[in-house]
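Chemist: Here's a sequence, model it:
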Amino acid sequence: MKFIGREKELEDIKRKLDSKRSECLLIYGRRRVGKSELIKESLRRTDAILIHYVCRKSTPEANIDGLSQAVSEAFDEPVQFVQLGNLLEYVYKKGREQKVVLFIDEYPFMRGSNEAIDSEFQIAIDEWQHKACVKLILCGSYVDVMKKLIESDAPLYGRFSEVINLKPFDYYDTAKFFPSKSPEEKMLLYSIFGGVPFYLTQIDEELTVEENVWRLLIPEGSLLEGEIRLQLKSELSKEENANFVLEKIANGVGKYSDIARNFDGGSIHHTLGKLSGMGLIEKDSPINVASSKKQHRYFISDNLLDFYYTFLFKETTARSAMSPEVFWNKKVREKLAIDYLPRKFEKIAKEYLIRENRAGRIEPPFSAIGRLVYNDKANRHNGEFDVVTEDEIGLTSYECKYKKEPVGMKVVNEERWQAEKLGIKFYKLGFISRSGFNEEIDAEKYKLITLQDMYL
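Modeler: Have a look, this model is predicted:
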């Protein structure tokens, strides 16, 4: 399959590989996000001697033995090492004669909890970085372990010339996996399956969106349900704690105190921290009261996980008793359209605005994006504007409408009236619509964005 996306990461890695000095790269991210494929793609055109070793769930000694064999094969020399330090010295000495890439995949399996392994690499880097041309790449899926390598008290702190935390694709790059689909279908697929490359490669472009869900998600024990459980088990000691938290968040419980209610699995702080570190949930703060802990709210950042815990997790019996098609029609279709997809439309709108901002197509560029909360004292009502940006001039509000009908002046006037009534000064108003706009709206006065625009 053709390699998709990751242009910036490829460029960053290639720049390090092309340099004439030793480099040390740390590349990490959750399972299935495409780390190894990214590195392999970066190495496709290198003229360096390549040593590639995938660590096993075994002892450090067994992994050093496996790495020794990879070194022996790369240089076509019958060498064997018992000590990692001796192996690294051998590789770096070879790097005095030619460029060498030492790519160690799933490094946490070799390291375990033993920082002495890190120290061996640190000693070799410090000794040889100015004497040889070795590109050391450490890659891994255990996010907690990989992050510890760059903490200030870690042996390898300050040794990495490139650190990449590889994230899932956004809505736009995700769509490249199914180019023949309409913008509506692309949005729906992203909203359900998210942006993890492995998940996206399982989607059959010849099938409808619904047929892909029936095949990959709804059947009990389906491929992607297994992936979700494996993802949680890989880094969490108590999967049931994660299930408790994720189900609550998926059902709209976002505040820390509300999530913690009736939680008896130990420290809720620990579980939230682990899920955040894995990139599965995020803590959202309003842009106008970011310091107010009462306004902090957790949400599931991974769409596949969000869909699973919203529609499937508690429906084991129904999924077993019904066909996938009937389950979809009875348990998913209505709530998906009324509640779930409008939320995802807002998420995609934010991703679109961030993409446009980074590309220099929004002037002046904004420095913050998020929700803006308000207290309507007259009506004793608290509410929020869902997508607001802040730049050097002030605030811009983008109203998102996931409706079948085009947006007309009624929606525009309601947005203006609400802001004026509350005393909120937006110097610009934008509208993002699934189904376009009526001609009565002045496109010069308001920023108008359609679903089709976001996929251009």
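Chemist: From here on, just use CA atoms for contacts and neighbour counts.
Modeler: Will do.
Chemist: For the stretch 51-200 of the chain, which segments are assigned as helices?
Modeler: Here the stretch 51-200 of the chain has its helices, by DSSP state H, counting those that start in this stretch, at 60-75, 84-94, 107-111, 115-128, 143-148, 171-174, 183-193, 197-201.
Chemist: looking at these, which is closest to Lys330?
Modeler: Proximity to Lys330, assessed across the helices of the stretch 51-200 of the chain by C-alpha to C-alpha, is greatest for helix 183-193 (17.2 Å).
Chemist: Against which helices or strands is the closest one packed?
Modeler: Secondary-structure packing of helix 183-193 (3 or more C-alpha pairs under 8 Å, 6 or more residues apart in numbering; DSSP states H and E): helix 171-174, helix 209-216, helix 303-307, helix 341-358, helix 451-454.
Chemist: What mean pLDDT does it get?
Modeler: The average pLDDT for helix 183-193 rounds to 98.
Chemist: how distant is that helix from the center of its chain?
Modeler: With C-alpha atoms, centre = their mean, to the nearest Å as the basis, helix 183-193 stands 16 Å off its chain's centre.
Chemist: For that helix, which outside residues touch it?
Modeler: Contacts to helix 183-193, defined as C-alpha atoms under 8 Å, 6 or more residues apart in numbering, come from residues 171, 174-175, 178, 199-200, 209, 303-304, 306-307, 341, 344-345, 451-452, 455.
Chemist: Can you turn the buried part of the residues you listed into a PyMOL selection?
Modeler: Remark: buried members of the contacts of helix 183-193, expressed as a PyMOL selection using 16 or more other C-alpha atoms under 10 Å:
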select buried, resi 171+174+175+178+199+200+209+303+304+306+307+341+344+345+451+455
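Chemist: ok, which stretches of the protein are strands?
Modeler: Secondary structure of the chain (DSSP state E): strands located at 23-28, 49-54, 100-105, 134-140, 162-165, 281-284, 297-300, 368-376, 381-390, 395-401, 426-433, 447-450.
Chemist: strands paired with the longest one, and their directions?
Modeler: Right, the one you point to is strand 381-390. Strand 381-390 sits in its sheet next to strand 368-376 (antiparallel), strand 395-401 (antiparallel), going by DSSP bridges.
Chemist: Only C-alpha atoms, please: export that strand in CSV.
Modeler: C-alpha atoms of strand 381-390 as CSV (Å, rounded to 0.1, in the frame of the first residue of the first chain):
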residue,chain,number,x,y,z
HIS,A,381,-28.2,29.8,32.7
ASN,A,382,-24.6,28.7,32.0
GLY,A,383,-23.6,28.0,28.5
GLU,A,384,-20.8,28.1,26.0
PHE,A,385,-19.8,29.0,22.5
ASP,A,386,-18.2,25.8,21.1
VAL,A,387,-15.5,27.0,18.7
VAL,A,388,-13.8,30.3,19.4
THR,A,389,-10.4,31.6,18.3
GLU,A,390,-8.4,34.4,19.8
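Chemist: ok, the residue of the chain positioned farthest from its centre - contacts?
Modeler: Residue farthest from the centre of the chain, counting by C-alpha atoms, centre = their mean, is Pro78 at 42.4 Å. By C-alpha under 8 Å, 6+ apart, Pro78 lies in contact with Ser72.
Chemist: what's the answer for Val407, then?
Modeler: By C-alpha under 8 Å, 6+ apart, the residues touching Val407 are 401, 433, 435-438.
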